[in-house]
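Trainee: Provided below are the primary sequence and the corresponding predicted coordinates.
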Amino acid sequence: MRMVSTFGIEEEFLLMDASTGFPTGAQVTRALISPEHGAFTSSAELLDAQVESSTRVCTTREEALDALLGFRARLAEAAASAGVRVAATGAAPRIAEGPPVLNSSDRYQRMGILTGAVAHEQYVNGTHIHVGIPSRDTGVRVLNGIRPWLALLGAVAANSPYWRGQDSSFASWRMVHYRRWSVQGCPPLFADAQDYARRLESLLATDVVLDAGHVGWAARLSDTFPTVEVRIADAQLQARDSLLLATLVRALVDTLASAGPAVPAAVPDPELLDVGLWQAARFGMSGNLVSHPGGSVPAADHLSALLDYVAPALEDAGDREYAAAGVARVLAGGTGAERQRAAFRSGGYAGLADLYTRSLSAE
């Protein structure tokens, strides 16, 4: 039986004006501090209209779900008290003209100055999954192996179809937006942890990467925790959407970590990895996804292949039935992007806002 790793989940949310639906800043972070609920913490994000939650280190999905639901309930309460609404979406459907209010911290102010109009449109929110690793060399092995699966994870998690008042035609506009940052996309192939450190230092020596947190690869080694951090996913509508993603990512990390030190025999071409991310952003789970060494396969087939690949790790964690049921739910009911489009067709922007509200309190 392989080791089952610990994990954590970070979720980002957008605050919206209750009458206009535009992103708005509100002093809710202080109200989210909860000494009696040790399962999560909260913090501000780049924009004043964003808030982030982080679960504590979790061993089981039950622990993680308790933390996710606990924070979402407290966020809903704090937002209601402040007269704003919460959107669990990867991108703001509508934004006001003019630059946003940035977080007042020195780091975020410097980031805003450096990135200019890119930061001015950073009305995007993600879900980040941390999985514990015994060493950074193991983490590098995981990063090397996870590269061909990142587009699929992004497709499953696609939840940002609307941007600037219209349907973007993309399932994940957030993934497209992130292509504009200085360091983004799939991580490169690394020889070992020393190579990772050397190349990170080279990036930090430039004047366009402020710190390790500014390295926006879709998966990276955390500079704060002994984890691999998978950052490809949009913010998720429901807690169970985030939890499904976390079970799949943990199983994938555990599978790759136990595979041995050798570099994968078939190394995907970087241009295929890059176009695969664009394809996943465009179509989500409703079209094809790039396969390796080339060509495209139906997204559902690729997801089935992932379940088969990580089946032993899911079994060891007690997550196999949960993951299978969650995947079946996504294939039958659609990704968040598809559910947002259905809500908009039936109720316009008011329907979208109602979907966000319902989803925040749903398991």
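Mentor: Nice, I can see it.

Trainee: next SSE downstream of the helix or strand containing residue 315?
Mentor: In this assignment (DSSP states H and E), residue 315 forms part of helix 311-317. Using DSSP H and E, the next helix or strand after helix 311-317 towards the C-terminus is helix 320-333.

Trainee: in that following helix, what counts as buried?
Mentor: Going by neighbour count (16 or more other C-beta atoms under 10 Å), the buried part of helix 320-333 is 320, 322-323, 326-327, 330. All C-beta atoms are positioned from the backbone trio N, CA, C, and that covers glycine.

Trainee: just stretch 134-147 next, same as before
Mentor: Residues of stretch 134-147 classed as buried: 136, 138-147 (neighbour count, 16+ other C-beta under 10 Å).

Trainee: same check on stretch 168-181?
Mentor: Buried positions in stretch 168-181, judged by neighbour count with 16+ other C-beta under 10 Å: 168, 170-178, 181.

Trainee: tell me the span between the first and last residue of that stretch.
Mentor: One end of stretch 168-181 to the other measures 19 Å (C-alpha to C-alpha, to the nearest Å).

Trainee: re earlier: give me the subset of the buried residues of stretch 134-147 lying in helices.
Mentor: 136, 138-146 (DSSP state H).

Trainee: one step back: among the buried residues of helix 320-333, which one lies nearest to residue 18?
Mentor: Nearest to residue 18 among those: residue 330, at 30.2 Å, using C-beta to C-beta.

Trainee: quick check: that closest one vs residue 339, distance?
Mentor: According to C-beta to C-beta, to the nearest Å, residue 330 and residue 339 sit 10 Å apart.

Trainee: for residue 146, same thing?
Mentor: Residue 146 is 27 Å from residue 339, by C-beta to C-beta.

Trainee: where does residue 21 sit: helix, strand or coil?
Mentor: Judged by DSSP: H, G, I helix; E, B strand; the rest coil, the three-state class of residue 21 is coil.

Trainee: that one against residue 94, yeah?
Mentor: Yes - with contacts counted by C-beta atoms under 8 Å, residue 21 reaches residue 94, the gap being 5.5 Å.

Trainee: these two - which one has more neighbours?
Mentor: Each of residue 21 and residue 94 has its neighbours counted (other C-beta atoms under 10 Å); residue 21 has more, 21 against 18.

Trainee: pLDDT score for the more buried one?
Mentor: Looking at residue 21, its pLDDT reads 85.

Trainee: returning to what we had before: show me the two of the buried residues of stretch 168-181 that sit farthest apart.
Mentor: 171 and 181, at 19.8 Å, using C-beta to C-beta across the buried residues of stretch 168-181.

Trainee: where along the stretch 201-350 of the chain do the strands fall?
Mentor: Applying DSSP state E, counting those that start in this stretch to the stretch 201-350 of the chain gives strands spanning 216-217, 219-221, 227-234, 288-290, 296-298.

Trainee: contacts only, for residue 281.
Mentor: The contact partners of residue 281, by C-beta atoms under 8 Å, 6 or more residues apart in numbering, come to 154, 158, 170-173, 175-176.

Trainee: can I get these in JSON lines including secondary structure, distance to residue 49 and pLDDT?
Mentor: Output for these, formatted as JSON lines (DSSP: H, G, I helix; E, B strand; the rest coil; distance: C-beta to C-beta, whole Å; pLDDT from 0 to 100):
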{"residue": "154", "secondary structure": "helix", "distance to residue 49": "24", "pLDDT": "98"}
{"residue": "158", "secondary structure": "coil", "distance to residue 49": "22", "pLDDT": "98"}
{"residue": "170", "secondary structure": "coil", "distance to residue 49": "22", "pLDDT": "98"}
{"residue": "171", "secondary structure": "coil", "distance to residue 49": "23", "pLDDT": "98"}
{"residue": "172", "secondary structure": "strand", "distance to residue 49": "20", "pLDDT": "98"}
{"residue": "173", "secondary structure": "helix", "distance to residue 49": "17", "pLDDT": "97"}
{"residue": "175", "secondary structure": "helix", "distance to residue 49": "20", "pLDDT": "97"}
{"residue": "176", "secondary structure": "helix", "distance to residue 49": "20", "pLDDT": "95"}
